[in-house]
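Q: whatever this is, show me its structure:
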Amino acid sequence: MNYKRKIKLKPYKKRDENFEEVDENRLIEMAWQDRMPFEVIYLQYGLTQNQVKKKLRSLLSKKAYKRWSKRISNRITKHNKKCDHKQIRFQGPY
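A: Now for the predicted structure:
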């Protein structure tokens, strides 16, 4: 049996991209986590994968962004379609 739950992405609607510092820090934390797929980030913040990359490019230093992009390039857990487990919300360390 296949118990994978499919998450349907909502159609893109323009959101206010002026995040507060708390939201920016949480977005960075979610992006760095291995088991936090981009679909969950989309559900919470309305940012697609390309928008997350653009936002992180402006928030992180050049070296940190390169490390992050190298880390997620072949990571199957960052995409719901490729991984077995499904997270539906952000579970931070706090």
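
Q: residue ranges with poor pLDDT in this protein?
A: For the chain, residues meeting the criterion pLDDT under 70 lie at 1-17, 76-94.

Q: and the helices in it?
A: 21-32, 38-45, 49-59, 62-72 (DSSP state H).

Q: of those helices, flag the one that's most buried.
A: Across the helices of the chain, averaging neighbours per residue (mean count of other C-beta atoms under 10 Å) puts helix 38-45 on top, at a mean of 19. (Each C-beta comes from the backbone N, C-alpha and C, glycine too.)

Q: tell me what that one is packed against?
A: helix 21-32, helix 49-59 (3 or more C-beta pairs under 8 Å, 6 or more residues apart in numbering; DSSP states H and E).

Q: what angle sits between the longest one and helix 49-59?
A: Same thing as helix 21-32. In terms of direction (axes from the mean of the first three to the mean of the last three C-alpha atoms, to 10 degrees), helix 21-32 departs from helix 49-59 by 120 degrees.

Q: got the CA coordinates for helix 21-32 in PDB?
A: Extracted C-alpha coordinates of helix 21-32, given in PDB (Å, rounded to 0.1, in the frame of the first residue of the first chain):
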ATOM      1  CA  GLU A  21      13.700  39.700  11.000                       C
ATOM      2  CA  VAL A  22      12.100  36.900  12.900                       C
ATOM      3  CA  ASP A  23      10.500  35.500   9.700                       C
ATOM      4  CA  GLU A  24      13.800  35.900   7.800                       C
ATOM      5  CA  ASN A  25      15.700  34.000  10.500                       C
ATOM      6  CA  ARG A  26      13.000  31.200  10.500                       C
ATOM      7  CA  LEU A  27      13.100  31.000   6.700                       C
ATOM      8  CA  ILE A  28      16.900  30.600   6.800                       C
ATOM      9  CA  GLU A  29      16.600  27.900   9.400                       C
ATOM     10  CA  MET A  30      14.000  26.000   7.500                       C
ATOM     11  CA  ALA A  31      16.000  26.200   4.300                       C
ATOM     12  CA  TRP A  32      19.100  24.800   6.000                       C
END
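
Q: run through who's touching that helix.
A: 19, 36, 40-41, 44-45, 47, 52, 55-56, 59-60, 68, 71-72, 90, 92 (C-beta atoms under 8 Å, 6 or more residues apart in numbering).
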